[in-house]
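**Q** Generate coordinates for the sequence data below:
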Amino acid sequence: QKQLVESGGGLVQPGGSLRLSCAASGFSLEHYAVAWFRQAPGKAREGLSCIGSTDNHAYYADSVKGRFTISRDNAKNTFYLQINSLKPEDTAVYYCAASRTAGTNANNYDYWGQGTQVTVSL
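**A** Residues are numbered from 1 along each chain as shown. You can find the predicted model right below:
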C-alpha cells in the first residue's frame, strides 16, 4: 500500500519551532517532487513549499519564506518541514504530498499524508 505518514505536529507557543516529518511507504520518493500544504478552518488549502526530485531548489510561499525550510532524505524515504518563529496564524492542519510534477498545485499531487495539527497559542 502506497502511503505517506506524517508526524511532528502539536501545540507550540508563538515564536517556537516544530519539525514535521513525512515518511513514504510502498513506493520510493526518489523520483517524486514533494510538498507541504496547510488548511486552516474556513480557509482554502495553501501550498507552502515544494522541492523537486532532481534538484534541491525549493519554492516557498511568501507567507512562510524565511521561517519554513523543506528538506528531503531519499535514503530514509522521508521529507521534512522545519517551522520556526511560529505565529498564531500558522495554526492549521498540515499535509504532506508527493507528485511526479513539481509545484504547489494540489491537483497534481498523487499521494497525501493524513494531516497533522499544528496549533500556535499561549
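
**Q** Show me what the residue nearest in space to the middle of the chain is bridged to.
**A** The C-alpha lying nearest the average C-alpha coordinate of the chain belongs to Trp36 (C-alpha atoms, centre = their mean; 2.5 Å). Trp36 forms beta bridges with Ser49, Cys96, as assigned by DSSP bridges.

**Q** what's near enough to touch it?
**A** In this structure, Trp36 makes contact with 20, 22, 47-50, 68, 70, 81, 94-97, judged by C-beta atoms under 8 Å, 6 or more residues apart in numbering. For glycine as for every other residue, the C-beta is placed from the backbone atoms N, C-alpha and C.

**Q** Then Ile51?
**A** Ala33, Val34, Ala35, His57, Ala58, Tyr59, Ile70, Ser71, Arg72, Phe79, Ala102.

**Q** Hmm, the last one is touching Cys50, no?
**A** Yes. With contacts defined as C-beta atoms under 8 Å, Ala102 counts as touching Cys50 at a distance of 5.9 Å.

**Q** which neighbours do those two share?
**A** Counting by C-beta under 8 Å, 6+ apart, the residues touching both Ala102 and Cys50 are Ala33, Tyr59.

**Q** the more surrounded of the two?
**A** Counted by other C-beta atoms under 10 Å, Ala102 and Cys50 do not tie: Cys50 has more neighbours, with 25 against 19.

**Q** ok, that one to Ala106 distance?
**A** Relative to Ala106, Cys50 is positioned 11 Å away (C-beta to C-beta, to the nearest Å).

**Q** go on, Arg72?
**A** Following C-beta to C-beta, the distance that separates Arg72 from Ala106 is 19 Å.

**Q** again, but for Leu86
**A** If you measure Leu86 against Ala106 using C-beta to C-beta, the figure is 23 Å.

**Q** go on, Leu20?
**A** Relative to Ala106, Leu20 is positioned 17 Å away (C-beta to C-beta).
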